[in-house]
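Participant: take a look and give me a structure for this.
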Amino acid sequence: MPFPYSPTSQSLQSPWLGTSFVFTNTSVRNQNHNKFQPVKLLVFATESLSTVQKQLRTLSFYSLCSNFDKQNGFSIKEEQESLDFKGIPHGLQAQKFMDAIKDKTDIFSCIKRDGRNWTISGFNDLLMALVTANELEIALKLYSEIPSYGLVPDSWTFSIMLRCHCKKNNLVEAGQVLNYMVEKGFCPNVATFTIFINSLCTSGRLQKAFEVFEVMGRVGCEPSIQTYNCLIKGLCYVGRVEEAYEMLVNIKKGLIKPDIYSYTIVMDGFCKVGRSNEAMELLNEAVERGLKPSVATFNTLFNGYCKEGRPMEGISVLKLMKERNCVPDYISYSTLLHGLLRWGETRAALSTFKEMVDFGIEVDERMMNTLLRGLCMKSWEEKDLLEDAYQVFEKMNFIMDPGTYGMVIRALCVGKKTDEALIHLQHMVRMGYVPRTITFNNVIQAFCHEGKVDDALLVVLLMNEHGKIPSRTSYDILIKKLNQQERSSGACIVYGAALKQGVLPHRVP
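Facilitator: Residues are numbered from 1 along each chain as shown. Presented below is the predicted three-dimensional model:
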């Protein structure tokens, strides 16, 4: 929610009509010193909130700040709070309130009834529980009513509300919270800064994130490796991979040591710009430094090599992954399988698929269709793959698109399993699919090549039932075979049927 701007701020028209927020030239106490140090001006330009919202929230907070000034004089109090919202909120009041969320009409009456018994610590527990449960609007409304409970917000209160604004992606208001904390002498901890920096980086506001990082140093708050990781990820997000790598190099020279996530972020950045070999070098370096690569670390390499058209390198990564006792997950296998199929490495894709099945990893329908189509096309030249294709086909339980089903039928025809092809063609029709003309023609031609003209004619009848017309090539093959079998009357009937359907065969009875 909006906070009052410092009277020294020159860029704003009014607390609720301005379109920017500032870290003003004010004084705050350094955590490591007793004297005050200046804080550099920091300006954020952004879209304005609605006038009504800003008026209501700002006026509400003016009354809060007035009360806070009179009672406390904004004395500096260093809080050692943590912004780890995963913990279970303690305090019976907070739990009672969270139970009341199920009936939201009773929440505030419950609070007002017990309002005099609340402490700021219990109130903070309650706010934290709301933010954790993503009840952000309720948290904001409750926060605006703090003065009515006779409570004074502390550093932890403001930190929770900063997190609330970040979760709502209201980064302007989050910046105003941080501005107010710094201006009034609170010392935000590293978690508070890191959450805000991460939100700015995620939204692509990298310059603003670095400005907050600079303020962080000026108030004497030492960044953690998580803070640096947010900035590295932000650099990679906007394509400044070289700068991200330089930051990683500089971190290694300092007291704070990079973790595996630091390496993974830069590796991912390299992979996205076609520099997977450099990403692999970083992996080796991380291992040499005693870090344990995670599944996500290896997955960046799968993605990189497959994008570069080098999916077989991914097979080596998979082997390395197993050697390091890192169990591949669905993303590992599906990324590799997709890359292998995309670049025509069908046999390697089949091997990867079988390994997935052995590991109990489910392959989605889309990937199964892609694999089956690849195997079918490859089996036209490499006959031994037909059996593998059929095994994959059976695992799908006929859950496939018509195009894939048609390719299976064609593969059976090419593999001289025409009777099975006809069975599946009929099954396709019974399932409600309308096979393409080429699928019918493939079966007709396969039967004719085997001399089974009568079966081929049955397929022609099936086509006619579904409004399909055999091609000229199919009619030519039918007439040729009937002539060879000295069935001239049959050849004449087929020729006449072709003419009736507007097809002029090259062959004549």
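Participant: now do the strands in this protein.
Facilitator: Ranges of strands within the chain are 20-23, 27-29, 36-38, 42-45, based on DSSP state E.
Participant: quick one, what contacts L282?
Facilitator: The neighbours of L282, taking CB atoms under 8 Å, 6 or more residues apart in numbering as the test, are 263, 266-267, 270. All C-beta spots, glycine's among them, are computed from the backbone N, C-alpha and C.
Participant: rebuild those as JSON lines, extending it with pLDDT, distance to E362 and neighbour count.
Facilitator: Listed next are the contacts of L282 as JSON lines, based on pLDDT from 0 to 100; distance: CB to CB, whole Å; neighbours: other CB atoms under 10 Å:
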{"residue": "Y263", "pLDDT": "97", "distance to E362": "30", "neighbour count": "24"}
{"residue": "V266", "pLDDT": "97", "distance to E362": "32", "neighbour count": "27"}
{"residue": "M267", "pLDDT": "97", "distance to E362": "27", "neighbour count": "30"}
{"residue": "F270", "pLDDT": "97", "distance to E362": "31", "neighbour count": "25"}
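Participant: of these, closest to V249?
Facilitator: Nearest to V249, judged by CB to CB, of these is V266 at 9.7 Å.
Participant: tell me how far that closest one lies from G496.
Facilitator: With distances taken as CB to CB, to the nearest Å, V266 is found 73 Å from G496.
Participant: do F213 as well
Facilitator: When CB to CB is the yardstick, F213 and G496 sit 84 Å from each other.
Participant: give me the more crowded residue out of the two.
Facilitator: F213 (20 against 11; other CB atoms under 10 Å).
Participant: what is the burial count for C326?
Facilitator: Neighbours of C326 (other CB under 10 Å): 16.
Participant: equivalent analysis for M367, please.
Facilitator: 18.
Participant: pretty sure it contacts S334?
Facilitator: Yes: between M367 and S334 there is a contact under CB atoms under 8 Å: 6.2 Å.
Participant: report pLDDT for D268.
Facilitator: With respect to pLDDT, D268 scores 97.
Participant: now swap in the one 5 residues further on and tell me
Facilitator: Per-residue confidence for V273 comes out at a pLDDT of 95.
Participant: what's the spacing between it and G304?
Facilitator: Taken as CB to CB, the span from V273 to G304 is 9 Å.
Participant: compare the two (neighbour count), which wins?
Facilitator: Between V273 and G304, counted using other CB under 10 Å, the more crowded position is G304 (29 against 15).
Participant: just to revisit the earlier point, ok, the contacts of L282 vs G502, which is closest?
Facilitator: For the contacts of L282, the nearest to G502 is F270 (59.4 Å; CB to CB).
Participant: surely the closest one meets S276?
Facilitator: Yes: contact between F270 and S276 holds when scored by CB under 8 Å: they sit 6.7 Å apart.
Participant: can you pull the contacts of P293?
Facilitator: 260, 264, 283, 286-287, 324, 326.
Participant: what's the closest non-adjacent residue to A411?
Facilitator: Closest residue in space to A411, ignoring its immediate chain neighbours: C376 at 4.1 Å, by CB to CB, 6 or more residues apart in numbering.
Participant: count the residues that sit near the one you found.
Facilitator: Neighbours of C376 (other CB under 10 Å): 26.
Participant: against I479, how distant is it?
Facilitator: 29 Å.
Participant: show the contacting residues for the closest residue to T157 other than its chain neighbours.
Facilitator: Leaving aside its chain neighbours, T157 sits nearest to N124 (5.6 Å; criterion: CB to CB, 6+ apart). Applying CB under 8 Å, 6+ apart to N124 gives the contacts 154, 156-157, 160.
Participant: in the chain, where is pLDDT below threshold?
Facilitator: Counting by pLDDT under 70, the chain contains low-confidence residues at 1-116, 397-399.
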